[in-house]
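# generate a structure from the sequence data that follows.
(one chain, ligands or ions: 4)
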Amino acid sequence: MKRFNINKISWDELDELRRPTPETTDFDRVVQAAVSRRGFLTGLVAFGSGAAVMGAGAVRASGELKQGAARFAFTPIAAQTDFTVHVPEGYEWKVLASWGDPLFSDAPAFDPANGTTPEGQVRAFGENTDGMELFDIDGHEVIAVNHEYANLDINLPQNDEGTPLSVTDVRKIQDAQGVAVFEVKEGENGWEVVIDSPFNRRITHNTPMRIAGPAAGHALLRTEADPSGTESLGTFNNCGAGRTPWGTYLTCEENFNGYFGSTDEAFERPEGFARYGIELESGYDYEKFDPRFDISRNPNEPHRAGYVVEIDPSDAASTPVKRTALGRFKHENAEVTLAADGRVVVYLGDDERGEFLYRYVSDDVYVEGGDTSGLLDAGQLYVAKFHEDGTGEWLALTPEATGMDRAMIHIHTRQAGSAVGATTMDRPEWVAVNPTRVEAYCALTNNKNRAVKANAGGDETPATGPNPRAENNYGQIVRWRPENEDHAADRFDWDLYVMAGNPEVHADAYAGSTNVTPGNMFNSPDGMKFDSRGMLWIQTDGDDSNEGEFAGMGNNQMLVGDPASGEIARFMTGPKGSEVTGATFSTDRRTLFVGIQHPENFPDPEALPRSSIVAIRRADGAEIG
Ligand code: FEO
Ligand code: CA
Ligand code: CA
Ligand code: CA
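Numbering: from 1, shown residues only. Ligands and ions are numbered 1, 2, ... in the order given. Purely as a prediction, here's the structure:
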């Protein structure tokens with residue numbers, strides 16, 4: 001059976017290959033309407049009575065930037081195209097940890113030519129870092145970080161194209177992914193991993209997990225190995241992250257579908273597999289050597305993935321918990337905040353073309369020091385509907401509204417969203433909540449299928465509302481302000497904080513919004529995090545060819561947006577070939593840790609490329625955020 005070469009393509013490209021865009025479409029008229037600049041501009045509405053309310057250049061037509069009031073503590077840097085990291089003058093960076101670095105003294109050192117060993121990988125830092133959070137645990141600084149996926153050719157350099165040939169190969173790949181938890185300390189040589197710290201831990205594709213919430217124990221989650229449907233192994237494609245007010249880490253399972261395949265080519269896929277992109281061929285060949293991933297033998301195993309998983313970083317022996325109340329889809333991150341009355345609100349994106357944006361609101365309120373064990377189990381899941389007039393609403397995914405029972409809503413969450421008419425989005429990536437005012441932002445990274453093709457559930461994708469451009473290769477950031485300044489409110493106002501674009505190539509809507517200039521161009525916003533001052537750190541995962549549509553944008557990068565003025569400034573650039581993803585601050589906020597995923601020849605051009613976390617500080621030791 002054919003295995004797609006995941007070394008060379010991204011996960012969304014993999015799904016696209018399996019479900020090609022039709023040559024001709026029903027949406028041609030919509031495309032024509034959307035690319036008309038006039039049509040675009042008049043179709044958008046800023047918050048309230050006008051852009052002045054937001055004070056930002058949300059769209060080109062909605063007002064001028066409030067320049068001069070910017071709060072950037074750095075001189076923006078130029079776009080770069082080389083193979084290293086760049087930061088502004090007065091800042092410095094250093095690698096904290098790279099794929100294969102031992103977390104325990106019994107792991108062998110990384111071999112520059114051959115990488116990790118089958119026995120050592122599970123005791124070492126994994127590959128392809130993504131979302132991360134730093135926790136202050138009784139004065140110990142502990143980072144939890146995702147290892148989203150594995151490049152087969154890098155992990156198995158001795159095999160042709162890295163194709164797994166044995167169960168040992170598969171285990172090694174499985175051990176390079178999941179999550180790492182480890183203590184860090186700042187010493188004379190800067191930040192370093194504390195080897196053998198009691199906090200250090202690797203969570204992999206085989207770590208025991210508990211399944212909790214409305215889907216736990218459902219017949220579709222039961223397997224031969226776990227007839228209870230409540231105990232699974234492993235967490236998969238851990239992409240974005242989140243943190244709770246009670247000090248736990250949330251890791252989000254994104255493209256979990258790619259790990260499952262069938263050894264029986266005649267196997268008929270169960271209902272619901274198509275919507276989630278679960279196909280007969282996998283991206284890793286796990287199914288050939290590990291029957292758990294063979295859907296012809298274990299058709300319910302994929303129902304046990306696609307969730308948000310809660311991990312206690314203070315206890316390396318704790319069992320991670322899959323929180324099915326937060327829905328099952330290709331989770332990007334889980335941004336947690338509190339409603340006005342103290343209930344827990346979690347914003348959640350489903351990163352696939354034309355999928356939805358979700359919100360969870362707990363039944364009970366969070367009380368510091370109180371029992372938090374059920375706060376992510378008992379609550380209501382909602383999906384976003386955006387209206388053309390700049391308002392929107394959260395639609396509750398209830399049995400009455402969806403025609404599905406409670407458990408099925410949390411297993412086939414995408415189908416539930418379709419049932420209530422949710423708005424198809426341009427690939428919702430990270431959501432970030434502003435700590436200085438009641439508003440939230442979501443990066444809509446890009447969507448070449450916008451106004452070209454329906455989503456996998458058949459929902460149309462017109463170029464309207466917060467997704468206004470057909471064949472959207474650049475992406476945008478939508479923000480919303482909930483009614484009554486309460487994240488639990490069911491209505492909100494929205495606008496676009498920025499539309500990425502290229503003002504040197506285009507003069508229409510694809511030039512981007514007014515806060516995009518030749519000096520700060522970027523495409524495909526993805527990771528986002530607010531700092532304590534209310535500045536929005538934006539990371540990109542896009543086309544770094546620096547040619548054509550993307551000329552002048554350079555490598556993937558990290559920018560800072562000032563929500564008050566609308567201005568955006570480039571802070572950092574990553575090595576060519578890499579995505580900049582994951583950011584967290586040290587407790588004293590003098591260091592910003594940033595992830596470099598899938599670099600081409602970084603940090604050592606002579607060795608295998610290694611995804612790494614870098615620590616960025618100001619040379620004068622002042623706070624960063
Ligand atoms: Fe793993 Fe949607 O990024
Ligand atoms: Ca991402
Ligand atoms: Ca992305
Ligand atoms: Ca990625």
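
# most proximal residue of the stretch 501-625 of the chain with respect to ligand 3?
The minimum distance from the stretch 501-625 of the chain to ligand 3, using C-beta to the ion, falls at residue 541 (3.6 Å). (C-beta placed from N, C-alpha, C; glycine too.)

# quick one, what contacts residue 217?
211, 228, 229, 230 (C-beta atoms under 8 Å, 6 or more residues apart in numbering).

# how about residue 609?
Residue 609 makes contact with 154, 577, 598, 599, 600, 601, 602 under the criterion C-beta under 8 Å, 6+ apart.

# repeat for residue 77
Residue 77 is in contact with 86, 87, 88, 570, 571, 572, 573, counting by C-beta under 8 Å, 6+ apart.

# mark which of the residues you listed are buried, thanks.
86, 87, 88, 570, 571, 572, 573 (16 or more other C-beta atoms under 10 Å).

# would you format the residues you listed as JSON lines with pLDDT, secondary structure and distance to residue 555 included?
Formatted as JSON lines, the buried ones among the contacts of residue 77 follow (pLDDT from 0 to 100; DSSP: H, G, I helix; E, B strand; the rest coil; distance: C-beta to C-beta, whole Å):
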{"residue": "86", "pLDDT": "98", "secondary structure": "strand", "distance to residue 555": "9"}
{"residue": "87", "pLDDT": "98", "secondary structure": "coil", "distance to residue 555": "13"}
{"residue": "88", "pLDDT": "98", "secondary structure": "coil", "distance to residue 555": "15"}
{"residue": "570", "pLDDT": "98", "secondary structure": "strand", "distance to residue 555": "11"}
{"residue": "571", "pLDDT": "98", "secondary structure": "strand", "distance to residue 555": "13"}
{"residue": "572", "pLDDT": "98", "secondary structure": "strand", "distance to residue 555": "10"}
{"residue": "573", "pLDDT": "98", "secondary structure": "strand", "distance to residue 555": "5"}
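
# now the closest residue to ligand 2 within the stretch 401-550 of the chain, nearest residue through space, not along the chain?
The stretch 401-550 of the chain approaches ligand 2 most closely through residue 526 (4.2 Å), counting by C-beta to the ion. Distances taken as C-beta to C-beta, 6 or more residues apart in numbering place residue 541 nearest to residue 526, at 4.0 Å, with adjacent residues excluded.

# isn't that neighbour right up against residue 524?
Yes. Look at residue 541 against residue 524 with C-beta atoms under 8 Å: they come within range, at 5.4 Å.

# over to the residue in the stretch 101-250 of the chain positioned nearest to ligand 3: give its phi and psi.
Nearest to ligand 3, among the residues of the stretch 101-250 of the chain, is residue 239, at 8.2 Å (C-beta to the ion). Here is the backbone geometry of residue 239 (degrees, to the nearest 10): phi -100, psi -100.

# who are the neighbours in contact with it?
130, 131, 146, 148, 252, 253, 254, 255, 331, 332, 333, 351.

# any idea how far it is from residue 311?
Look at residue 239 and residue 311: by C-beta to C-beta, to the nearest Å, they are 15 Å apart.

# number of nearby residues for the residue of the stretch 501-625 of the chain closest to ligand 3?
Neighbour count for residue 541, taken as other C-beta atoms under 10 Å: 25.

# kindly report the same for residue 109.
For residue 109, the neighbour count with other C-beta under 10 Å is 11.

# grab the nearest non-local neighbour of it.
residue 102 (6.7 Å).

# any idea what the one you found is bridged to?
residue 124 (DSSP bridges).

# which residues are in contact with it?
Taking C-beta under 8 Å, 6+ apart, we find residue 102 in contact with 108, 109, 110, 120, 123, 124, 125, 195.

# buried subset of those residues as a ChimeraX selection?
The ChimeraX command for the buried members of the contacts of residue 102 (criterion: 16+ other C-beta under 10 Å) is given here:
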select :110,120,123,124,125
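
# what's the closest of the contacts of residue 102 to ligand 2?
Distances from ligand 2 to those, taken by C-beta to the ion, are shortest for residue 125, at 19.4 Å.

# distance of the closest one relative to residue 146?
Going from residue 125 to residue 146 by C-beta to C-beta gives 12 Å.

# ok, now which ones touch the residue in the stretch 451-600 of the chain positioned nearest to ligand 1?
Per C-beta to the nearest ligand atom, residue 526 is where the stretch 451-600 of the chain lies closest to ligand 1, at 6.1 Å. For residue 526, the contact set (C-beta under 8 Å, 6+ apart) comprises 429, 430, 443, 445, 539, 540, 541, 542, 579, 581.

# the same query, at a cut-off of 7 Å, please.
By C-beta atoms under 7 Å, 6 or more residues apart in numbering, the contact list for residue 526 reads 429, 430, 443, 445, 539, 540, 541, 581.

# hang on, the third one in a strand?
Spelled out, it's residue 443. Yes. Judged by DSSP: H, G, I helix; E, B strand; the rest coil, residue 443 forms part of a strand.

# any idea what it is bridged to?
Assigned bridge partners for residue 443, using DSSP bridges, are residue 477.

# tell me how far it lies from ligand 1.
9 Å (C-beta to the nearest ligand atom, to the nearest Å).

# that residue: neighbouring residues, count only.
33.

# hmm, residue 479 and it touching each other?
No. Look at residue 443 against residue 479 with C-beta atoms under 7 Å: they stay out of range, at 10.4 Å.

# next up, the contacts around the closest residue in space to residue 122 that isn't next to it in sequence.
Nearest residue to residue 122, sequence neighbours excluded (C-beta to C-beta, 6+ apart): residue 175, at 4.1 Å. Residues in contact with residue 175 (C-beta under 7 Å, 6+ apart) are 121, 122, 204.

# state the pLDDT value of the second one.
This means residue 122. We have a pLDDT of 98 for residue 122.

# ok, back up a step: shared neighbours, residue 541 and residue 524?
Common contacts of residue 541 and residue 524, defined by C-beta under 7 Å, 6+ apart, comprise residue 445.

# in the stretch 351-500 of the chain, which residue sits closest to ligand 3?
For the stretch 351-500 of the chain, C-beta to the ion, closest residue to ligand 3: residue 445, 5.0 Å.

# got the phi and psi for that residue?
phi -70, psi -40.

# that one is in contact with residue 475, isn't it?
Yes. Applying C-beta under 7 Å as the test, residue 445 and residue 475 come out as touching, 4.7 Å apart.

# neighbour-wise, which of these two wins?
Neighbours were counted for residue 445 and for residue 475 using other C-beta under 10 Å; residue 445 has more, 30 against 27.

# ok, that one to residue 427 distance?
Shown here: residue 445 relative to residue 427, a distance of 5 Å by C-beta to C-beta.

# again with residue 123
Distance of residue 123 to residue 427, computed by C-beta to C-beta: 35 Å.

# next one: residue 15
The spacing between residue 15 and residue 427, counted by C-beta to C-beta, is 11 Å.

# equivalent analysis for residue 500, please.
In terms of C-beta to C-beta, residue 500 sits 13 Å off from residue 427.

# do the same with residue 316
Counting by C-beta to C-beta, the gap from residue 316 to residue 427 is 34 Å.

# so between those two, which is more surrounded?
residue 427 (27 against 16).

# next one: phi and psi at that one?
Residue 427 adopts backbone torsions of phi 60, psi 80, taken as degrees, to the nearest 10.

# so who does it touch?
Neighbouring residues of residue 427 by C-beta under 7 Å, 6+ apart: 351, 352, 353, 444, 445, 446, 447.

# filter the residues you listed down to the buried ones and hand me the ChimeraX line.
Those of those that count as buried under 16+ other C-beta under 10 Å are selected in ChimeraX with:
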select :351,352,353,444,445,446,447
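
# would you reformat the contacts of residue 427 as JSON lines and include secondary structure?
Listed next are the contacts of residue 427 as JSON lines, based on three-state DSSP:
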{"residue": "351", "secondary structure": "coil"}
{"residue": "352", "secondary structure": "coil"}
{"residue": "353", "secondary structure": "strand"}
{"residue": "444", "secondary structure": "strand"}
{"residue": "445", "secondary structure": "coil"}
{"residue": "446", "secondary structure": "coil"}
{"residue": "447", "secondary structure": "strand"}
